[in-house]
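> here are the coordinates; sequence isn't available:
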C-alpha cells in the first residue's frame, strides 16, 4: 500500500513516518530531509533556500519528480512530504493519504526542542518557511496547501504521543 504523510513543520509527520515504516515493514522516504540537504549543500538556511526555490522552480520540480517516481515504482511505500498527497492525487496514483496537524504553539515547541532553537527564532523561521511553501505550491502547481479534501485521514497530534498517532493510522489502514 502506498501511504502519504503530510502536514506542517512540527506536526509529527517524520516521526510517524519512521515509526509506521518500522511497524509495517514498508520503506519510507522523507523528502524534507532531501530539501534540508540541498539547503546545507549550498550553505543556506531553510528560509534562504526557500526564497531561492521561489525564484527557481527546478528545485521543487526535482523533489516533486522524485516523489512521483518513488510512488510509481513502489506499490508499497510511505512518502513523507508536504505535497505528496496532492501530487499523487493530481497524477491519479492510488494511496492512503494522511494529514497530521497540530496547533502553532505545539509545533513550534516541538521544532525548537528538535533543533535546539528559541521559541521566537523557531516561530519566525516556521512562518517564513510556511509562507514560502504556500506561495510556491500555488504558483507552480495551483495547489492550496490548506486544502484537506485530498486526505483520507486527518489527525490533530496536539495531545498525542507518536505511538498513539501511529496506532490510529494503523487502525484506519486496516479498515481500508
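That came through fine. Small disclaimer: the values here were computed from a predicted structure and weren't measured.
> distance from the chain centre to the lengthiest helix in the chain, please.
The helix that spans the most residues within the chain, counting by DSSP state H, is helix 119-141. Distance, stretch centre to chain centre, for helix 119-141: 13 Å (CA atoms, centre = their mean, to the nearest Å).
> please name every helix or strand in contact with it.
In terms of contacts (3 or more CB pairs under 8 Å, 6 or more residues apart in numbering; DSSP states H and E), helix 119-141 is packed against helix 46-55, helix 57-73, helix 84-90, helix 104-115. Using the backbone N, CA and C atoms, a C-beta is placed for each residue, glycine as well.
> could you redo the last one with a cut-off of 6 Å?
On a contact count with 3 or more CB pairs under 6 Å, 6 or more residues apart in numbering; DSSP states H and E, helix 119-141 meets helix 46-55, helix 57-73, helix 104-115.
> low pLDDT regions in this protein?
Residue ranges of the chain with pLDDT under 70: none are present.
> ok, now with 80
Filtered on pLDDT under 80, the chain yields the residue ranges 47, 112-117, 176.
> the longest helix of the chain to helix 104-115, inter-axis angle?
Put simply, helix 119-141 runs at 100 degrees to helix 104-115, going by axes from the mean of the first three to the mean of the last three CA atoms, to 10 degrees.
> and helix 119-141, what's buried?
122-123, 125-126, 128-130, 132-133, 136-137, 140-141 (16 or more other CB atoms under 10 Å).
> quick one: which of those is nearest to residue 107?
Nearest to residue 107, judged by CB to CB, of the buried residues of helix 119-141 is residue 126 at 7.0 Å.
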